[in-house]
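J.: Next come a sequence and a model predicted from it.
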Amino acid sequence: MDAKRSSISKNLLTWYDAHRRVLPWRALPGEVPDPYRVWLSEVMLQQTTVAAVRPRFAAWVARWPDFASLAAADDADVMAAWAGLGYYARARNLVKAAKAVVADHDGAFPRTEAQLRTLPGLGAYTAAAVAAIAFGERAVVVDANVERVVARLFAIDTPLPAARPAIRVAADTITPDARAGDFAQAMMDLGSGLCTVRAPKCLLCPLREDCAAFAEGQPERLPRKAAKRVRPQKYGTIFWLRRGDTVRLVRRPPKGLLGGMRALPTGPWATEPPALTDAPAAADWRILPVTIRHGFTHFDLELTLAVGVGEAQEDGEWWPIADLSAAGLPTLFAKAAEAVIESTAAEAVIGRDV
DNA sequence: GATGCGTGGTT
DNA sequence: TAACCAAGCAT
C-alpha cells in the first residue's frame, strides 16, 4: 500500500507539472499565492462551475481586491455583485469572514486549517483547500472531484454519502507531505478533465496503473450514489407593481431562500396554483398569460406574473425599469422581469395599455 | 445524517 | 431536452 501511495502522488504531481490548468486565481509556478484570491475563488467555486466563476471572479477582485476593502464594503453592493451565482449565504459569509479577519486577526488571514475552519463559510473542504493551496499546509482536501477519483482508485463501492468516511481515510493515505496545494489542485484538475463522471479518459490518466476501478473495467460506475428524491412542484406569484417608469422592489429576509437579496414582491410558495395572496398593494391586478418556471435544488417553482399600478403598502424601493439590470436581482426575478417587459412591450404594439 | 440552499454548463 | 452535476456549508 505504501508503494501505491507514493506512486500515486508522484505520478499525479508529474502530470500536474505538465498539464495544470492556468486559472485567474491560481498562482503560476514560482509565484506566491494570494490568500484572499485563493479563498474567494474557493468560495465562488462551491457547487459552481469554473466557466461560471471566471468572469465573476475578475469583476469581484477588481472591485474588492483584498480583505480590508471587502470588510468595508456595503452589504447591498456585495449582494448585488453576487446576484446570479446562487447560494447567497456564501456572499453574506464572505463579508462576515472579511470583517472577522480585520477585527480578530489583525487583517491577516489565519494560516492553519483549524483556524480557518472557525471563519463563517469555511467548512471542511474550503478550510483544507485554503490551508494547502495558500499556505502549503498538509491538509486532506476532499471535494466532489477527489471523491470520484479516490472512489475509483480504491474501488470504494459504498454509495455516497455513506462512503465519505472511507473516502476521506483513503485520500489521507495518498496525500503527500510536500506540495500539498499542488496535490489538491492536481486531483481537481484530474477529476474535472480526465476522471469525469461519464466516459473518463483513462488512457490519458497518469494514475491508471494504480486504479482499481480501471482494473475492474468499469470506472464510470463509481462512485455509486444514493437515489435522489423527486423534487416537489410548488407555485407562486410575482407582483410587478409599477409607478410611472419604476417598479417596486423589496429586500428579502436575511436568511432562507434568496436571503438578503433585492427582489420583486412575491406571495407564498404553495402546493396549488395560487391567487393574489400577499399582494404589495390593493391594485387592479392583471395576470399575464405567461408563467415562469424555475428549478431550485430542492423544489421546482412555477410562477404566475401579476402586474398592477399603484402605491406600495410596505417597505421597499421604486427602481427605474430601464436600469433593472443594476438592481442585482437573483436569476429567478431577472427572468420574471424580462418576461414582464417583453410581454407588456408586445401588448403595447397592439395598442393595449398596461 | 438529513435537509435547505441557486444557478449555469454539459450531455 | 430533461437530467445531471458542480472546488459545499450550516443547522
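T.: Good, I have the coordinates. Numbering: from 1, shown residues only, chains lettered A, B, ... in the order given.
J.: Show me the shaky parts of the stretch 51-200 of chain A.
T.: Residues of the stretch 51-200 of chain A meeting the criterion pLDDT under 70: none.
J.: I should have written the stretch 201-350 of chain A there, sorry.
T.: Within the stretch 201-350 of chain A, the set of residues satisfying pLDDT under 70 comprises A:347-350.
J.: so where do the strands sit in it?
T.: Under the criterion DSSP state E, counting those that start in this stretch, strands of the stretch 201-350 of chain A are mapped to A:233-243, A:246-251, A:262-263, A:286-295, A:300-309, A:317-320.
J.: between those strands, which one is nearest to A:F183?
T.: Closest approach to A:F183 among these is made by strand A:286-295 (35.6 Å; C-beta to C-beta). (Each C-beta comes from the backbone N, C-alpha and C, glycine too.)
J.: could you give the angle of that closest one to strand A:233-243?
T.: Going by axes from the mean of the first three to the mean of the last three C-alpha atoms, to 10 degrees, strand A:286-295 is angled at 130 degrees with respect to strand A:233-243.
J.: Briefly note if strand A:286-295 comes near DNA strand B.
T.: Yes: taking C-beta under 7 Å from any atom of the strand as the criterion, strand A:286-295 and DNA strand B are in contact, through A:H294, A:G295.
J.: okay if I get the strands of the stretch 201-350 of chain A as CSV plus distance to A:S7 and mean neighbour count?
T.: Output for these, formatted as CSV (distance: least, C-beta to C-beta, whole Å; neighbours: other C-beta atoms under 10 Å):
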stretch, distance to A:S7, mean neighbour count
strand A:233-243, 50, 20
strand A:246-251, 55, 20
strand A:262-263, 53, 20
strand A:286-295, 43, 14
strand A:300-309, 46, 19
strand A:317-320, 60, 14
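J.: so can I have JSON lines of those strands showing distance to A:L13?
T.: Supplementary listing: the strands of the stretch 201-350 of chain A in JSON lines, determined by distance: least, C-beta to C-beta, whole Å:
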{"stretch": "strand A:233-243", "distance to A:L13": "48"}
{"stretch": "strand A:246-251", "distance to A:L13": "48"}
{"stretch": "strand A:262-263", "distance to A:L13": "46"}
{"stretch": "strand A:286-295", "distance to A:L13": "40"}
{"stretch": "strand A:300-309", "distance to A:L13": "44"}
{"stretch": "strand A:317-320", "distance to A:L13": "52"}
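J.: Ramachandran coordinates for the residue in chain A positioned nearest to DNA strand C?
T.: For chain A, the residue positioned closest to DNA strand C under C-beta to the nearest atom of the strand is A:G123, at a distance of 2.4 Å. Main-chain dihedrals, A:G123, degrees, to the nearest 10: phi -90, psi -160.
J.: contacting residues for it?
T.: Taking C-beta atoms under 8 Å, 6 or more residues apart in numbering as the definition of contact, the neighbours of A:G123 are A:R117.
J.: roughly how far apart are it and DNA strand B?
T.: Between A:G123 and DNA strand B the computed distance is 10 Å (C-beta to the nearest atom of the strand, to the nearest Å).
J.: Let's have the strands of the stretch 201-350 of chain A in JSON lines, adding distance to DNA strand C.
T.: As requested, these are arranged in JSON lines below (distance: least, C-beta to the nearest atom of the strand, whole Å):
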{"stretch": "strand A:233-243", "distance to DNA strand C": "11"}
{"stretch": "strand A:246-251", "distance to DNA strand C": "20"}
{"stretch": "strand A:262-263", "distance to DNA strand C": "20"}
{"stretch": "strand A:286-295", "distance to DNA strand C": "7"}
{"stretch": "strand A:300-309", "distance to DNA strand C": "9"}
{"stretch": "strand A:317-320", "distance to DNA strand C": "28"}
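J.: A:L23: which of those is closest?
T.: Using C-beta to C-beta as the measure, strand A:286-295 is the one of these that comes nearest A:L23, at 28.2 Å.
J.: For stretch A:262-281, which residues meet the burial criterion?
T.: By neighbour count, and taking 16 or more other C-beta atoms under 10 Å as the criterion, the buried residues in stretch A:262-281 are A:R262, A:A263, A:L264, A:P265, A:T266, A:G267, A:W269, A:P274, A:A279, A:P280, A:A281.
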